[in-house]
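In: what's the 3D shape of this:
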Amino acid sequence: MTSFIRSIRRLPISHSFRQASTSTSPSSSVSATQAPRVLPDTTVTHHLITLTRSPIGLPPQARGTLEALGLYRRYSSVLHPFGPTVAGQILRVKELVSVRNVTEEEGIISLAKKGSEGSGVVVSGRVFGGGKGVVM
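Out: Modelled structure (predicted):
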């Protein structure tokens, strides 16, 4: 057994891994002549909260928290700005809601897309090509 350990100790150690350097090389740094990219203001400032589970069977406090957030039925969504009050309310009902951090514009667009779905029936025409009737 000791000969096996000795043979392992004698094996050369591969130095194929490069040492990580904290200094930047001139080729990888941004030159002073290049202007840094200016990104549009994409700072997230709001919570988009969607009720995904029903509060049936939960204590009245959970239902009250959902009403305070403005969530009354499943898959309804509301937009709230960041703040400690809203964060606490989200934590109280975290099992029932899904939360996305969005900008105010993204949230408004997302809420507008969730408009009424309609009945699901689309009238494409009448049976047998009839309309009001074709007089010949």
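In: identify the residue nearest residue 110 in space, chain neighbours excluded?
Out: residue 48 (5.9 Å; CB to CB, 6 or more residues apart in numbering). C-beta: built from backbone N, CA, C; applies to glycine.
In: in stretch 44-61, what counts as buried?
Out: 46, 47, 48, 49, 50, 51, 55 (16 or more other CB atoms under 10 Å).
In: quick one, helices of the chain?
Out: Assigned by DSSP state H, the helices in the chain fall at 2-10, 60-69, 84-92, 104-113.
In: and the last one, what does it pack onto?
Out: Meaning helix 104-113. The helices and strands touching helix 104-113, judged by 3 or more CB pairs under 8 Å, 6 or more residues apart in numbering; DSSP states H and E, are strand 46-51, strand 77-81.
In: the last one pairs with which strands, and in what direction?
Out: Strand 77-81 has the following strand partners under DSSP bridges: strand 46-51 (antiparallel).
In: quick one: the residue nearest to residue 110 and residue 60, what's the gap?
Out: From residue 48 across to residue 60, the span is 26 Å (CB to CB, to the nearest Å).
In: picking that back up, buried deepest among the helices of the chain, which one?
Out: The highest mean neighbour count among the helices of the chain, using mean count of other CB atoms under 10 Å, belongs to helix 60-69: a mean of 15.
In: now that helix and strand 46-51, what's the angle there?
Out: Here the directions of helix 60-69 and strand 46-51 differ by 130 degrees (axes from the mean of the first three to the mean of the last three CA atoms, to 10 degrees).
In: pLDDT on helix 60-69, on average?
Out: Per-residue pLDDT over helix 60-69 has a mean of 95.
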